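J.: no sequence for this one, just the structure:
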């Protein structure tokens, strides 16, 4: 409850730190806390932004906005999210999204880094528990409101944000009732600069040195026009009939809407790869501007993987209008009862529905004709990993049917002929329902000279994910005419200049989004939906869990220990398509997990704590990875699918931390941690090596198979440190003027080292590598000043590179990584009165690009070809620009 003596003033950072440290110090296991200030507000728009300031928390971004959280540098799927202690399934699955949860609903964020037996076993790195606001947090009637607007520098787009919280408490003849309602709306319009490159080894390139050559199969620009919205509505009723009983009814609805127009120009550089003959002899590498091949992967005309010319290539253009919707609707009824004689009973029922709507309003595809003189010649230059500016030329045919050269330069890409090849409309919705029932019974007693609490509990979870895709795909001229779809891109586009800042080497025309909506609606009105059978499935997971734990409290501290046992039962149904035959498939799997933990918290003195813990958990494969079907693509000779029998990835960890709660206000912390990982989950790509799918005389044993599997064992070890200090308590002692007392600093550092053994695949031997998703270094540095009603903060975060994908072969140029991420934000707030505040925020000030790249060095070295890691094969590059916003906050 907020104390009556708190005066609402401009000390929000100090108020938040004080509340967080008080909670954290008293907790019986290792946690990090982010608390709202005295009027119950968090300064950030969503939970990911807020939690990203805390020790050991690293952020992964999408389109420049914080989305996923990684704890202590570990993979993001090791982090779970819960509302008031109930784990919530993200619309995407087990990869918990945090940008869909607005901070307006939160009173506190509690990050548990060392799990206890009463927490679900799927928590490995830690759990982010969003404690929702309650009317009982305030003394009486409470209102909070926020309204603001902003500006995105890239493209000059606007944003708007409003939120409100209203609550009150009522004394009735049945006890006290508290009611709270909160709502929020955040909209931002964006432009994104982007280019992507797909790399490959080319089988026809057999000239000396081919083992370390990787060629750009295709290069493309994805040019986004976006409108993103976050909306939430939350309500809570709390009833306390007396001091021993409390019942709470809570509902939270959040939805993330992403309306995306994407102009996508793909240069298909390997379109005529077969023109190149395999030859192992050395050749001269001088430039030949009139080759007998397209030039792709041809070192004998002077081309290299990073620089060269390809003649008469195909342009695959995509005009895509998407309407993504991701929502979570979670409802809980919970009771807490003091039964007397030290007995306590807690029960809870929860129903959650998460939806991931990946629908495409319409996608038009435009492709170059087969006549090569109607196609462009492209000069590429990838020597700068942060640039991709293809130069376009017409293509001229010389004597003979296979000799071409570059003609006149071309700036306007849409001047090349690109007939319409298809118009597609997609309805794709994944729905996950989750039912949870649990009951905890505890008793306080004297035991072995300690004030003890023994606790037992049972929890049942049932989660069902259903994927349902349907499409309308038009490919004939008559169909295009029926829906009014122009077949000439000039009639489907706008005469509007590029609003981004990316140097591209060519100009283009944006497609008309209003016209796309019109023809897509006509397609739905005139043609029937067809199911996308290969992508439809149903997976159900049941978890039955029980635990026993005890807490022993002594003068010197406490001990918390116990064990959790979980029985996992998975079942799935889907359709496997083999050739042209669709066959229903079902699959089941079961696993039993025993998860012990022990925590010792020793009070060195009233301000210092030593925390030691042993804990365990198990990360499970995502639902779509557990589906029982496979999809066979005979033209591409690939097989993809799920693996319902894959085992959970188990982790056993130890932590040792020292905490100093400096008086009157401050915090210093240092600690080390270690986790042993078994049966690491990763997506495997290998030769299928089985005849079980051979039908119709087709041998599919040599196809490339990709799917989730268990790898080897490994570990992650690290060091963590944090400091939070403000000068004010020591200004007089240090002889400083009063105004300097407003300065403060918060800093934290996480150092990580990880290693996992990846099993051998085909001709590639077993090798050691970093655990996917782990960063070696993560640190935050923040400085602030708050006094006289003014609050200023500058925050910087650095996260070093991390592995994004594991390669089994060199077909796609090896493992993939994200480059290190640097972010800096600035915020300012001024309390005009105790009830009115103005604010200003600037985010992504450094405007550093996001870059993903392929690195073949690990596989090459493991194969006996010593190779220096080059970090040069960019596969994705994007930039979003700084954003600025401001507004007012009111409360009473």
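T.: Received it, and whenever you're ready, just let me know what you need. Everything quoted here is computed from the prediction, not taken from an experiment.
J.: Quick one: low-confidence residue ranges for this protein.
T.: 1-10, 37-44, 400-401, 577-580, 633-636, 685-687, 696, 866-868 (pLDDT under 70).
J.: Please enumerate the helices of it.
T.: For the chain, the helices defined by DSSP state H occupy 12-26, 47-51, 477-483, 513-526, 731-734, 857-862.
J.: Could you say which of these is packed most deeply?
T.: Each of these was scored by mean neighbour count; the highest is helix 47-51, a mean of 25, by mean count of other C-beta atoms under 10 Å. Where C-beta positions appear, they are placed from N, C-alpha and C, glycine not excepted.
J.: Give me the number of neighbouring residues for residue 371.
T.: If you count neighbours by other C-beta atoms under 10 Å, residue 371 ends up with 11.
J.: mind checking how far it is from residue 379?
T.: 21 Å (C-beta to C-beta, to the nearest Å).
J.: Repeat that for residue 237.
T.: 67 Å.
J.: would you turn the helices of the chain into a markdown table with distance to residue 768?
T.: As requested, the helices of the chain are exported to a markdown table (distance: least, C-beta to C-beta, whole Å):
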| stretch | distance to residue 768 |
| --- | --- |
| helix 12-26 | 37 |
| helix 47-51 | 32 |
| helix 477-483 | 54 |
| helix 513-526 | 49 |
| helix 731-734 | 51 |
| helix 857-862 | 9 |
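J.: can you pull the contacts of the closest residue to residue 307 other than its chain neighbours?
T.: Of all residues beyond its chain neighbours, the one nearest residue 307 is residue 381 (5.2 Å), with distances taken as C-beta to C-beta, 6 or more residues apart in numbering. Counting by C-beta atoms under 8 Å, 6 or more residues apart in numbering, residue 381 touches 306-307, 387, 389-391.
J.: From these, keep the buried residues only.
T.: Among the contacts of residue 381, those classed as buried by 16 or more other C-beta atoms under 10 Å are 306, 390-391.
J.: can you put those in TSV and add distance to residue 555?
T.: TSV is the format used below for those (distance: C-beta to C-beta, whole Å):
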residue	distance to residue 555
306	68
390	72
391	77
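J.: Is the residue lying closest to residue 783 once chain neighbours are set aside bridged to anything, and to what?
T.: Once flanking residues are discounted, residue 783 sits nearest to residue 745: 5.1 Å by C-beta to C-beta, 6+ apart. On the basis of DSSP bridges, residue 745 is bridged to residue 725, residue 783.
J.: How about residue 720?
T.: Per DSSP bridges, the residues bridged to residue 720 are residue 671, residue 750.
J.: Okay, strands next: where are they in the stretch 501-650 of the chain?
T.: 530-531, 537-554, 557-578, 581-603, 608-619, 630-633, 638-641, 649-660 (DSSP state E, counting those that start in this stretch).
J.: Let's have those in JSON lines, adding distance to residue 508 and mean neighbour count.
T.: Shown next, in JSON lines, are the strands of the stretch 501-650 of the chain (distance: least, C-beta to C-beta, whole Å; neighbours: other C-beta atoms under 10 Å):
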{"stretch": "strand 530-531", "distance to residue 508": "32", "mean neighbour count": "12"}
{"stretch": "strand 537-554", "distance to residue 508": "38", "mean neighbour count": "19"}
{"stretch": "strand 557-578", "distance to residue 508": "37", "mean neighbour count": "19"}
{"stretch": "strand 581-603", "distance to residue 508": "40", "mean neighbour count": "16"}
{"stretch": "strand 608-619", "distance to residue 508": "43", "mean neighbour count": "21"}
{"stretch": "strand 630-633", "distance to residue 508": "31", "mean neighbour count": "18"}
{"stretch": "strand 638-641", "distance to residue 508": "31", "mean neighbour count": "19"}
{"stretch": "strand 649-660", "distance to residue 508": "44", "mean neighbour count": "20"}
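J.: got JSON lines for these, with distance to residue 277 too?
T.: Formatted as JSON lines, those follow (distance: least, C-beta to C-beta, whole Å):
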{"stretch": "strand 530-531", "distance to residue 277": "42"}
{"stretch": "strand 537-554", "distance to residue 277": "44"}
{"stretch": "strand 557-578", "distance to residue 277": "35"}
{"stretch": "strand 581-603", "distance to residue 277": "38"}
{"stretch": "strand 608-619", "distance to residue 277": "48"}
{"stretch": "strand 630-633", "distance to residue 277": "27"}
{"stretch": "strand 638-641", "distance to residue 277": "25"}
{"stretch": "strand 649-660", "distance to residue 277": "46"}
